[in-house]
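Q: whatever this is, show me its structure:
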Amino acid sequence: MRIEYHRTLIADRHRNRAFRDALAAVIEKGKTTVADIGAGSGLIGVIAARLGARDVYLYEMAEVAAVAAQIVKRNRVRNCHLMPCHSAEMVDPPRVDVVVSETLGNYALEENIIETLSDAVRRHLKPGGVVIPSRLRQCIAPVVAPRIDAELRQWEGAGDDLGLKLDFDVARDMSLNNVYVRMIAPVELLGGGASVRVWDEVDFAAEPSSTRKGEAMWKVAGPATVYGFAVWWEADLGHGITLSTAPDAPPTHWEQLYFPLLKPIVLAAGEGVRVTLQSRSSMEEGTHLSWKAAHLDMSGRVVARQALDLDKGYLP
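A: Okay, the predicted model is just below:
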C-alpha cells in the first residue's frame, strides 16, 4: 500500500483525536496492554504507548510495517512490539486488555473489520477486555438532488454533439451497478437530512456475521424524486465517543457512498420508497454489495422494482 494513503490518515485530525480520547478513557498507566490491529504507520499504537500502556502490540502485514518499525524506533517507544503479520495469522497471540482496530473503509466493512475483530475478541482479548470500536451503525438516506445521477448518465447522448445517434446503454447500466465515494451535502438528501435510517447495526464484541442485510423505508409528504441513496457509518469508540462519516459530521478522510438507481423513482405525495441492502465481505473474496429499491403507492403496494449488484459493475 502506498505511503500517500497513510499520509491521509495522519492528516485526519478528527479521527486521530477520537481514537486518542477512546484510548485515554481505558488505559491505566503501567498496567494496560493493547493490541493495535492494522497498525499502518503506527500512530494509534504509539498514542497508546504515550498514554501509558504497559505493552502495545502492533499488527501490520503490509509493506508499511517497515515504516512503522522505524517510526517506533525514532520516537524511542520501547514498549511497542511490531508483529509483521495479520493478527489472524498470529499463533498463540499475547492476550491484551484492549484491542483497537481502525480498519474502517468508506464502506465500513470493506477492510474486513468484522472478521478481524471477531478473531481478535476470541484469541487476543482477555475476558472482560475492551474492543475499540465496540459498535457500528450503517446509515442511509434517499438522495433527491440530480447532481451525481447526471454525472453517471453521461453515456446517454454520447454522440449528440457529434451529430450521431449512439446507444451506450450497456455501459451506462454497468456504471449504475457501482457504488461511488462522494461528498454529499445534507441539502441533497430527502428532508434535508431529516430522513436518516439505520439499516444495519454491528456489535463487535458479539462476533457478528460478515454477511449483512437490512432495509429502510420512507413515505413522502410531497412530490419528490429519488435518484439514489447515500450511505455512511457511525462507530462507537466507547465512553460516549463516536466517529461518524455522516454528511453533517466533522470532515474526515472518509466520504459518503452513493448507491445509484437504474431509473430515478418519481414519488407523488403519500407514496414511498423501500430499499434493501445486502453485503458480504471476506479476506478471500473481497466485498460484494447488492441493493434493491421498490416504489410504493399510497397504500404501500409495490408498483415498480429495480435491483442492482456491484458484481455487475465490473468489466467482463
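Q: what about L296, neighbour count?
A: Neighbourhood size, L296 [other C-beta atoms under 10 Å]: 20. Backbone N, C-alpha and C define where each C-beta goes, glycine included.
Q: what's across from it in the sheet?
A: G272, V302 (DSSP bridges).
Q: shouldn't it be in contact with G272?
A: Yes. Counting by C-beta atoms under 8 Å, L296 does reach G272; the two are 4.0 Å apart.
Q: overlap in contacts, those two.
A: Taking C-beta atoms under 8 Å, 6 or more residues apart in numbering as the criterion, L296 and G272 both touch M217, K219.
Q: so H6 sits against G42, correct?
A: No. Using C-beta under 8 Å, H6 is not in contact with G42, being 9.5 Å away.
Q: these two: which has the busier surroundings?
A: G42 (26 against 18).
Q: sorry, back to before: who touches both of H6 and G42?
A: Taking C-beta under 8 Å, 6+ apart as the criterion, H6 and G42 both touch V67.
Q: quick one: residues contacting the closest residue to L257 other than its chain neighbours.
A: Closest residue to L257 apart from its sequence neighbours, by C-beta to C-beta, 6 or more residues apart in numbering: V231 at 4.4 Å. The contact partners of V231, by C-beta under 8 Å, 6+ apart, come to Y107, Q138, C139, I140, Q256, L257, Y258, F259, L277.
Q: strand partners of the helix or strand containing V231, parallel vs antiparallel please.
A: In the assignment (DSSP states H and E), V231 maps to strand 224-238. If you go by DSSP bridges, strand 224-238 pairs up with strand 135-143 (antiparallel), strand 241-244 (antiparallel), strand 256-267 (antiparallel).
Q: so what's the gap between that strand and the chain middle?
A: 10 Å (C-alpha atoms, centre = their mean, to the nearest Å).
Q: how about the secondary structure of the residue nearest to the spatial centre of the chain?
A: Nearest residue to the geometric centre of the chain (C-alpha atoms, centre = their mean): A108, 1.8 Å. Assigned state for A108: coil (three-state reduction, DSSP: H, G, I helix; E, B strand; the rest coil).
Q: repeat that for the one 3 residues further on.
A: Under the three-state scheme (three-state DSSP), E111 adopts coil.
Q: residues contacting it?
A: Contacts for E111 (C-beta under 8 Å, 6+ apart) come out as G38, T103, L104, G105.
Q: switch to 10 Å and redo it
A: G38, S101, E102, T103, L104, G105, S281, M283, T287 (C-beta atoms under 10 Å, 6 or more residues apart in numbering).
Q: care to break the chain down by domain?
A: Recorded structural domains for the chain (assignment: automatic domain parsing) are 3-102, 136-313.
Q: mind checking which of those domains is nearest A120?
A: domain 3-102 (4.6 Å; C-beta to C-beta).
Q: one step back: so the residue nearest to the centre of the chain sits right up against L289, yeah?
A: No. Here A108 lies out of contact with L289, judged by C-beta atoms under 10 Å, at a distance of 11.6 Å.
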